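In: starting from these lines, generate the structure:
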Amino acid sequence: MMTRRVAVLAGLAATATAAASYAQPSDPRAVTTAGPVIGQRQDGISVFKGIRYGAPTLRFQPPEPPTPWRDPALAFDYGAASPQRGDEANQSEDCLFLNVWTPGLDAGRRPVMVYIHGGAYSSGSGSDPLYDGARLAAPGDVVVVTLNHRLNALGYAYLARLTPGFEDSGNVGQLDLILALRWVRDNIAAFGGDPDRVMVFGQSGGGAKIATLMAMPAARSLFHRAATMSGQQVTASGPVNATTRAIAWLNALNLTPDRAHEAANLPVERLLEAQSAEDPILGYGGLYFGPVLDFRSLPRHPFYPDAAPQGLTIPMIIGNTREETLGFMGNDPKNVGLTWDTLPARLSPGVMRIDITPEAVIAGYRRMHPDWSPDQVLIAATTAGRSWRGAVIEAEERAKAGAPAWVYQLDFPGETASGRKGAFHTADIPLVFDNVNAAGSRTNGPGAQAVSDKMSDAFIALARTGDPNHAGLPRWDRYELPTRQTLLFDLEPRMANDPRGDERAFFSAIPYIQPGT
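Out: Coordinates of the predicted model:
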């Protein structure tokens, strides 16, 4: 009987054999530890898409390296994304693929920039047009890598306390990332990269995954710089809460806890649909699946009670955008024309995600900023109270430990689908990738390219030297207490001490546990 993995491997062998017939003699070729690959030369860059870094996955099990191949594998197209809800194209549980952009395959020992995509822990892939690495690789003379890994319940459903044989299930998505970084360590020199200068960077969920990696012993020494963009992970999901969520998910699958092992054989569509069950910990929204404090691959919280010691020697950029939640709330018609009477309902616990009453928030903001409108208070409070808190905590903990961190706030505005302007969540992605004119970019107005030049050069500088300073910026000082030096990225970037300090101080009185954990 042919298993799913055997069938996939048989297909791979056939594809590899056929690949050479489509390749041109001028196509770039590299030899990886698993076998040779053939890419394409595009606009002066060698591009390899869909390189396999892991074997076809076994559900809820740690990843394995790929079975070696002999014939060249064609790396012309992106590999499959992890199964997920939404419209992401080309989904499969066989999703451990990565992509490489490099100026050349010579022994250039270029800095390596590995991007980990966002979409929380539930969606996304490394093939979004905004993540195309060509415009970073060429002028920056760096090697850029993007990748896919397991998401949602497939990557983070914690079944270890319910059934034997699934001890690592709560963190296999993170273990995929570690396997990808091992691939980079072992293979990137063949693509002109320096395995001793690897930077990971990621936005939203990608940044959170990076913060978590900095507390995972298996990730030690696999990357040497880090940059997070609107993504932080202060606490991981506790094992009891994660088990409670897994039971709720199993209930939605009509499985009792003693039948948890049966989830390994159900159609993936059913697994995804069951995630829409209400989260029993949060009391609102679908089920949260993210890294778990399992005391195996993740032995401690990333930034609680302090910054994980493992990451303290890694130079780090920590960034957020000034109007983060405009990206979530700016297109919602319920938030149009707010008044002081209707604002409390919009500042519900499910929106604020911390234990504070709407009345206290409104009173605080009317005292701090009496000239602000209800709409301004909604975006500012939800940004400062829920989206920005984790970044502040991470920066403060690194400062307390004397660890290098450079903090930025994006002030340059993008434009939402509804026409509203502001520095919303995701607005910094096209700026950092120098892709302001790519499909999907909403940060592309006048001045966007100038801001992008400065931001992308800062990320490249961090990858190259471990310090983001470059000639196009004012002196970017490390974040220290109590000054809290922060670079404000705008048409004219400038340094500021403790920007929005009144809002930071207001919310610091409220205990913070990362939503979902």
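In: pLDDT weak spots in the stretch 201-350 of the chain?
Out: Under the criterion pLDDT under 70, no range of the stretch 201-350 of the chain is flagged.
In: what about the helices in it?
Out: Taking DSSP state H, counting those that start in this stretch, the helices of the stretch 201-350 of the chain run over residues 205-213, 239-252, 268-274, 326-329, 343-346, 349-352.
In: D467: neighbouring residues, count only.
Out: The burial count assigned to D467 is 15, neighbours taken as other C-beta atoms under 10 Å. Bear in mind the C-beta positions are built from the backbone N, C-alpha and C, glycine included.
In: just use 33 as the starting number from now, easier for me
Out: From this message on, residue numbering opens at 33, which makes the last subject D499.
In: who's in contact with it?
Out: Residues in contact with D499 (C-beta atoms under 8 Å, 6 or more residues apart in numbering) are 347, 493.
In: tell me which of the helices of the stretch 233-382 of the chain sits nearest to S159.
Out: helix 237-245 (13.8 Å; C-beta to C-beta).
In: about what we covered before: can I get the helices of the stretch 233-382 of the chain in a markdown table including mean neighbour count?
Out: Below are these laid out as a markdown table (neighbours: other C-beta atoms under 10 Å):
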| stretch | mean neighbour count |
| --- | --- |
| helix 237-245 | 27 |
| helix 271-284 | 20 |
| helix 300-306 | 16 |
| helix 358-361 | 23 |
| helix 375-378 | 16 |
| helix 381-384 | 16 |
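In: longest helix of the chain, counting residues only.
Out: helix 480-497 (DSSP state H).
In: tell me the helix or strand right after the least confident helix or strand in the chain by mean pLDDT.
Out: Here the helix or strand of the chain ranked lowest by mean pLDDT, DSSP states H and E is helix 36-51, holding a mean of 42. Later in the chain than helix 36-51, the nearest helix or strand by DSSP states H and E is strand 61-63.
In: what's in contact with that following strand?
Out: Strand 61-63 is contacted from outside by 68-71, 80, 104, 137, 219, 222-223, using C-beta under 8 Å, 6+ apart.
In: repeat that for stretch 110-128.
Out: Contacts to stretch 110-128, defined as C-beta under 8 Å, 6+ apart, come from residues 40, 81-89, 91, 95, 98, 129-131, 151, 154-159, 180-184, 186-187, 208, 211-212, 300, 303-305, 307.
In: could you work out the end-to-end span of it for me?
Out: End-to-end distance for stretch 110-128, by C-alpha to C-alpha, to the nearest Å: 11 Å.
In: got it, and stretch 230-244?
Out: 17 Å.
In: and what of stretch 354-364?
Out: 19 Å.
In: same question for stretch 459-473.
Out: First-to-last residue span, stretch 459-473, C-alpha to C-alpha: 8 Å.
In: flag every buried residue along it.
Out: Neighbour counts over stretch 459-473 (16 or more other C-beta atoms under 10 Å) mark 459-468, 470, 473 as buried.
In: in the stretch 33-182 of the chain, which spans are helices?
Out: Using DSSP H, counting those that start in this stretch, helices in the stretch 33-182 of the chain cover 36-51, 166-172.
In: hmm, who's touching the last one?
Out: Same thing as helix 166-172. Here helix 166-172 makes contact (C-beta under 8 Å, 6+ apart) with 74-77, 79, 133-135, 143, 145, 174-176, 465-467, 488-489, 491-492, 495.
In: let's see that with 10 Å instead.
Out: 74-79, 132-136, 142-143, 145, 147, 165, 174-176, 224, 462, 464-470, 484-485, 488-489, 491-493, 495-496 (C-beta atoms under 10 Å, 6 or more residues apart in numbering).
In: ok, Y188 to Y320 distance?
Out: 9 Å (C-beta to C-beta, to the nearest Å).
In: cool, D226 as well?
Out: Applying C-beta to C-beta to D226 and Y320 gives a distance of 37 Å.
In: what do you get for G548?
Out: According to C-beta to C-beta, G548 and Y320 sit 4 Å apart.
In: which neighbours do the two share?
Out: Residues touching both G548 and Y320 (C-beta under 10 Å, 6+ apart): 152-153, 269, 273, 277, 311, 313-314.
In: quick check: the two most widely separated of those residues?
Out: For the shared contacts of G548 and Y320, the farthest-apart pair by C-beta to C-beta is A152 and N273; their separation is 16.5 Å.
In: what pairs with the helix or strand harbouring D226, parallel or antiparallel?
Out: Using DSSP H and E, D226 sits within strand 225-235. Here strand 225-235 is paired, per DSSP bridges, with strand 142-148 (parallel), strand 257-261 (parallel).
In: pull out the buried positions in the shortest one.
Out: When you say that, I think you mean strand 257-261. Neighbour-count burial for strand 257-261 flags 257-261 (criterion: 16+ other C-beta under 10 Å).
In: and these, which is closest to E524?
Out: Among those, and counting by C-beta to C-beta, the member closest to E524 is M261, at 20.8 Å.
In: wait, the closest one touches L162, no?
Out: No - counting by C-beta atoms under 10 Å, M261 does not reach L162; the two are 11.9 Å apart.
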